[in-house]
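J.: Need a 3D model of the following:
(chains A, B, C and D)
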There are 2 protein chains.
Amino acid sequence: MRMMRRKTRARNPAAGPAKLRILDAAEERFARNGFYGVSVRDITEAAGVDVALVSYHFGGKRELFAAVFQRRAQTLNAERLALLEQVRRQALPGTPAIEEIVNAFTFPLLERSARGGPGWKSYFALIAQVNNSPEWGPVLMTEHFDPLVERFIAVLREALPDCDPREIYWGYQFLTGALTLTFAETGRIDKLSGGLCRSSDLDSVHARLARYVAAGFRALCAYAKPAGVKPATGTARPRQRAAKPRSPSPSPGRRARRRTSPERRR
Amino acid sequence: MRMMRRKTRARNPAAGPAKLRILDAAEERFARNGFYGVSVRDITEAAGVDVALVSYHFGGKRELFAAVFQRRAQTLNAERLALLEQVRRQALPGTPAIEEIVNAFTFPLLERSARGGPGWKSYFALIAQVNNSPEWGPVLMTEHFDPLVERFIAVLREALPDCDPREIYWGYQFLTGALTLTFAETGRIDKLSGGLCRSSDLDSVHARLARYVAAGFRALCAYAKPAGVKPATGTARPRQRAAKPRSPSPSPGRRARRRTSPERRR
DNA sequence: CCGATTATTCAACAAATGTTGAAGTAAATT
DNA sequence: AATTTACTTCAACATTTGTTGAATAATCGG
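T.: Next up, the predicted model:
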């Protein structure tokens, strides 16, 4: 029974169980072209496997997509949660620095994307797309990551006790946006910077993101601290003049562009 | 000739030229389900128009997608550029505040998404997806927005003369990520905050994003200022310990998945 | 009013889509 | 060894996909 371990079937020139090969192939393809941009035949051919196996092992294409998304989520969340609690405990003098909290949130992701192998890289690229999709984002992201995010935000609130919770939620949203675009690795910053920065250089992101975000959090909270003040207008600095530009030239707000039927929902 | 103005054709129950109706319908659908998630029949049926008109007016589905993306880009860039130069000019004493520069970059977008009508809203949701897509992002975003972005970054560098340019490019990447996720309006922050924040509340974003991002820029630049120091390791605070978790478990890094042909367009 | 250009419709195309059921084969269980 | 279970293959299915060409209708320049 143990002798011929490989080549259990005629195909399978190099790899393990078909179910996993499908998951790996699907992960890569979905990450590149999205759910609708990939056919089950694309996936099964890349995996060197029969088409019917997707339905057999997962039930269908949608379920495969969900399985791909789910596979690595547990691992990540456990790791991030452990790191978060550790940071919280090891903060001896007072509460931990915002940087460390943010780092506990982002580092496990950046580390796996950088050195976890191509599967992890694809996985995060997939997350980058899902997170910005009105179709998939609210479903998949919420389902798999909300518990951790809630804990993360709770720790942030603990570390910023004087801060209006709304500022923290917005700050978290900005953080997530910056993080997920990082995972997309579109190479756009490479071109913009003339090669000075590479979007694949996640170590550089790790060296900067937490600092950037922490400063952002503090700025929001510092502004929102005076309880009664509604921070809903103006740009930023207290001493600011002509900060808010006059309404954008052909301000679409009031008049303009209502002639034929430029905007009709469906 | 002027008499029967409406009902130029049998169909067209309420609207103008078919080409525009196709653009509008395509904009909305593409924004919701992406390029592959929408069929030309979805679009033409939503527009109340024959299927063949897509090929006739645009040449094909891909060209329609490009046309949708292109349509509003010029308008936006002109407006943003004007605002940027105005901010730069009106900064009397010294250079303009970072907040004002960032605001010139983001405000025209936020304003149109908030009050430009459903077409603009869809357009930005589409941008949110395209920007995080490794397939479309490098092509479309670069093509339509890079000139403006380069100018924007140039002004930032002017305002932060002591700062290593790399910090500015990274800061810009984080800004773009935060901004594009905002445009997705997935409603995730609504659920997370228990209704305290709404992702559709772009005024709240406008009130916070520039401040958040400006603080981030300053934090990055302050750190990178000492010329010789390479800011590429560690989290943030000098005193940090046990941040790096043990190596990820079943690294699929080496082997796996390079068999057939990794990239085949249909 | 006429010819020409433009716009739209209709029907059909080949190719690709996700899924299924029957048949086949290997492994595990008895 | 016989039987059950788990996995894989093959061929086919009904739809849906994007695109096209010929025919029809509207618009416009004269």
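J.: Could you use CA atoms for every contact and neighbour count after this?
T.: Noted.
J.: Now do the buried residues in the helix ranked longest in chain A.
T.: Secondary structure of chain A per DSSP state H: the longest helix is helix A:202-224. For helix A:202-224, the neighbour count (16 or more other C-alpha atoms under 10 Å in any protein chain shown) marks A:202-221, A:223-224 as buried.
J.: how about that helix, does it get close to chain B?
T.: Yes: for helix A:202-224, a contact with chain B is found by C-alpha under 8 Å from any C-alpha of the partner chain, at A:203-217, A:219-220.
J.: What of stretch A:154-166?
T.: Yes: Stretch A:154-166 reaches chain B (C-alpha under 8 Å from any C-alpha) through residue A:166.
J.: I'd like to know how many residues surround residue A:151.
T.: Using other C-alpha atoms under 10 Å in any protein chain shown, residue A:151 has 14 neighbouring residues.
J.: Please report how far it lies from chain B.
T.: Distance, residue A:151 to chain B, by C-alpha to the nearest C-alpha, to the nearest Å: 11 Å.
J.: Got the phi and psi for that residue?
T.: Backbone torsions for residue A:151, taken as degrees, to the nearest 10, come to phi -60, psi -40.
J.: ditto for residue A:200
T.: phi -80, psi -10.
J.: mind checking how far it is from chain B?
T.: 12 Å.
J.: can you pull the contacts of the residue of the stretch 101-250 of chain A found nearest DNA strand D?
T.: Nearest to DNA strand D, among the residues of the stretch 101-250 of chain A, is residue A:135, at 16.1 Å (C-alpha to the nearest atom of the strand). Counting by C-alpha atoms under 8 Å, 6 or more residues apart in numbering or on different chains, residue A:135 touches B:32-33.
J.: Packing partners of the longest helix of chain A?
T.: helix A:98-115, helix A:165-184, helix B:165-184, helix B:202-224 (3 or more C-alpha pairs under 8 Å, 6 or more residues apart in numbering or on different chains; DSSP states H and E).
J.: Show the average pLDDT along that helix.
T.: Taken as a whole, helix A:202-224 has an average pLDDT of 94.
J.: now the angle between helix A:165-184 and it, please.
T.: 160 degrees (axes from the mean of the first three to the mean of the last three C-alpha atoms, to 10 degrees).
J.: May I ask you to confirm that residue A:96 is in contact with residue A:85?
T.: No: with contacts counted by C-alpha atoms under 8 Å, residue A:96 stays clear of residue A:85, the gap being 10.5 Å.
J.: which ones are touching the residue in the stretch 101-250 of chain A that DNA strand C sits nearest to?
T.: Nearest residue of the stretch 101-250 of chain A to DNA strand C: residue A:136, at 16.1 Å (C-alpha to the nearest atom of the strand). Residue A:136 makes contacts with residue A:130, as judged by C-alpha under 8 Å, 6+ apart.
J.: Give me the local confidence score for it.
T.: For residue A:136, the predicted pLDDT is 95.
J.: Chain neighbours aside, what residue packs nearest to the residue most central in space within chain A?
T.: By C-alpha atoms, centre = their mean, the mean C-alpha position of chain A lies nearest to residue A:180, the distance being 3.5 Å. Of all residues not flanking residue A:180 in the chain, residue A:128 sits nearest, at 4.6 Å (C-alpha to C-alpha, 6 or more residues apart in numbering or on different chains).
J.: same thing with residue A:141?
T.: Closest to residue A:141 by C-alpha to C-alpha, 6+ apart is residue A:131, at 6.6 Å.
J.: likewise residue A:107?
T.: What sits nearest to residue A:107 in space, not counting adjacent residues and going by C-alpha to C-alpha, 6+ apart, is residue A:206, at 6.9 Å.
J.: Helix, strand or coil: sort out the residue of the stretch 101-250 of chain A closest to DNA strand D for me.
T.: Per DSSP: H, G, I helix; E, B strand; the rest coil, the local secondary structure of residue A:135 is coil.
J.: Contact partners for residue A:201?
T.: residue A:114.
J.: can you do 10 Å?
T.: Applying C-alpha atoms under 10 Å, 6 or more residues apart in numbering or on different chains to residue A:201 gives the contacts A:110, A:114, A:182, A:185.
J.: What about DNA strand C: which of the residues of helix A:202-224 next to chain B touch it?
T.: Of the residues in the residues of helix A:202-224 next to chain B, proximity to DNA strand C by C-alpha under 7 Å from any atom of the strand holds for none.
J.: what does chain A put close to DNA strand C?
T.: Residues of chain A lying near DNA strand C (C-alpha under 7 Å from any atom of the strand): A:1, A:8-9, A:36, A:38-42, A:51-53, A:55-56, A:59-62.
J.: Helices of chain A, start to end?
T.: A:18-33, A:40-47, A:52-58, A:61-71, A:73-90, A:98-115, A:118-131, A:142-159, A:165-184, A:188-192, A:202-224.
J.: Distance to DNA strand D added to those, as TSV?
T.: Converted to TSV, those look like this (distance: least, C-alpha to the nearest atom of the strand, whole Å):
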stretch	distance to DNA strand D
helix A:18-33	4
helix A:40-47	9
helix A:52-58	5
helix A:61-71	14
helix A:73-90	22
helix A:98-115	28
helix A:118-131	20
helix A:142-159	26
helix A:165-184	24
helix A:188-192	27
helix A:202-224	35
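J.: between these, which one is nearest to residue B:175?
T.: Closest of the helices of chain A to residue B:175 is helix A:165-184, at 6.6 Å (criterion: C-alpha to C-alpha).
J.: Model confidence for residue A:229, exactly?
T.: For residue A:229, the pLDDT comes out at 47.
J.: ditto for residue A:96
T.: For residue A:96, pLDDT reads 75.
J.: Enumerate every residue touching it.
T.: Counting by C-alpha under 10 Å, 6+ apart, residue A:96 touches A:87-90, A:155-156, A:158-159.
J.: Phi and psi next, for it.
T.: phi -70, psi 160.
J.: Quick check: it vs residue A:64, distance?
T.: To residue A:64, residue A:96 is 40 Å away according to C-alpha to C-alpha, to the nearest Å.
J.: Provide a PyMOL selection command restricted to the buried entries of the contacts of residue A:96.
T.: Only the buried members of the contacts of residue A:96 end up in this PyMOL selection, burial being decided by 16+ other C-alpha under 10 Å:
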select buried, chain A and resi 87+88+155+156+159
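J.: So what's the predicted local confidence for residue A:249?
T.: 37.
J.: Residue A:235 too?
T.: 48.
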